[in-house]
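J.: I'll drop the sequence and a predicted model, then ask my questions.
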Amino acid sequence: MADFEEVIVTLQTSTEVEIHSWAGNDDALPLIIVAPDTSPRDWDEFVSYLSPSHSPLLARVTSPLELLMLIWEIGEPVLLLAQGPEATEIASETVATAAGSISSLIICDGELSDGQLDSMHEIATLILRGRQNDVLSHESAVCMHDALRHSILIEPENCANFPAKDNPDAAASAVNWFIAGPGNDSPEFDEAEPVDPKA
């Protein structure tokens, strides 16, 4: 099990946000995980497989404003991982209102509505959907991928609605591949087909 530290961050709005931080190197970039109704232990194994280039934080934010204020406290754009529908909504609203606050986005088993897709700024996005998901259909995930110009869709096997917990190795492999990927401006990234990183 990975060791994490629990801290309380007081935002400029005087709201206190609970953060669970796993150890990372001093040069690591922040990776904020927004995942209501999960515990740090749900993320331990996944975090242990992540590239040391990013330092993961599980943030107990409840609104786009809280997320934006937390990013402001961090002081630099972050890679954001949103797990589930509620987190996806918070992430999409943050991208829509503060484009520069999030450098890249990972959506895990959440669905963006047409309105959310239309309001979001272009951003490199990984759509991570477990193949055995019974909430987000493959067709819906493909529609999101088609609508997001700079997106990639990865559907790991042996994953239901929580890839980082159901198959942490495959989920982390997908995230690591995305982090090290060809970047925002590559036509290969724009035109990428859905892939399984373990295939």
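T.: Yep, that arrived.
J.: which SS state does Ser21 fall under?
T.: Classification of Ser21 by DSSP: H, G, I helix; E, B strand; the rest coil places it in strand.
J.: Which strand residues bridge the most centrally placed residue in the chain?
T.: Among the residues of the chain, Leu81 comes closest to the average C-alpha position under C-alpha atoms, centre = their mean, at 1.3 Å. Applying DSSP bridges to Leu81 yields these beta-bridge partners: Ile33, Ile106.
J.: Now do the contacts for it.
T.: Leu81 is in contact with 31-35, 56, 106, 108, 175, counting by C-beta atoms under 8 Å, 6 or more residues apart in numbering. In short, each C-beta sits where N, CA and C put it, glycine included.
J.: among those residues, which two are most distant?
T.: Put simply, by C-beta to C-beta the two of the contacts of Leu81 set farthest apart are Val34 and Val175, 14.4 Å from each other.
J.: Tell me which stretches of the chain form helices.
T.: Counting by DSSP state H, the chain has these helices, from start to end: 40-49, 64-74, 85-97, 114-119, 138-147, 163-166, 168-180, 187-190.
J.: Out of the ones you listed, the one nearest Gln132 is which?
T.: Closest among those, using C-beta to C-beta: helix 163-166, at 7.9 Å.
J.: What's the mean pLDDT across that closest one?
T.: Mean per-residue pLDDT for helix 163-166: 93.
J.: ditto for stretch 24-32
T.: Averaging pLDDT along stretch 24-32 yields 84.
J.: Flag every buried residue along it.
T.: Neighbour counts using 16 or more other C-beta atoms under 10 Å place 24, 28-32 of stretch 24-32 among the buried residues.
J.: Could you do stretch 68-81 as well?
T.: 68-71, 77-81.
J.: Convert that stretch to CSV, retaining C-alpha atoms only.
T.: Output of stretch 68-81 as CSV, limited to C-alpha atoms (Å, rounded to 0.1, in the frame of the first residue of the first chain):
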residue,chain,number,x,y,z
LEU,A,68,-10.5,26.3,-9.3
MET,A,69,-9.5,27.8,-5.9
LEU,A,70,-7.5,24.7,-5.1
ILE,A,71,-5.6,25.0,-8.4
TRP,A,72,-5.0,28.6,-7.6
GLU,A,73,-3.4,27.6,-4.3
ILE,A,74,-1.2,25.1,-6.2
GLY,A,75,-0.1,27.9,-8.4
GLU,A,76,0.1,26.1,-11.8
PRO,A,77,-2.1,24.2,-14.2
VAL,A,78,-2.9,20.7,-13.2
LEU,A,79,-3.6,17.3,-14.8
LEU,A,80,-7.1,16.5,-13.7
LEU,A,81,-8.6,13.0,-13.3
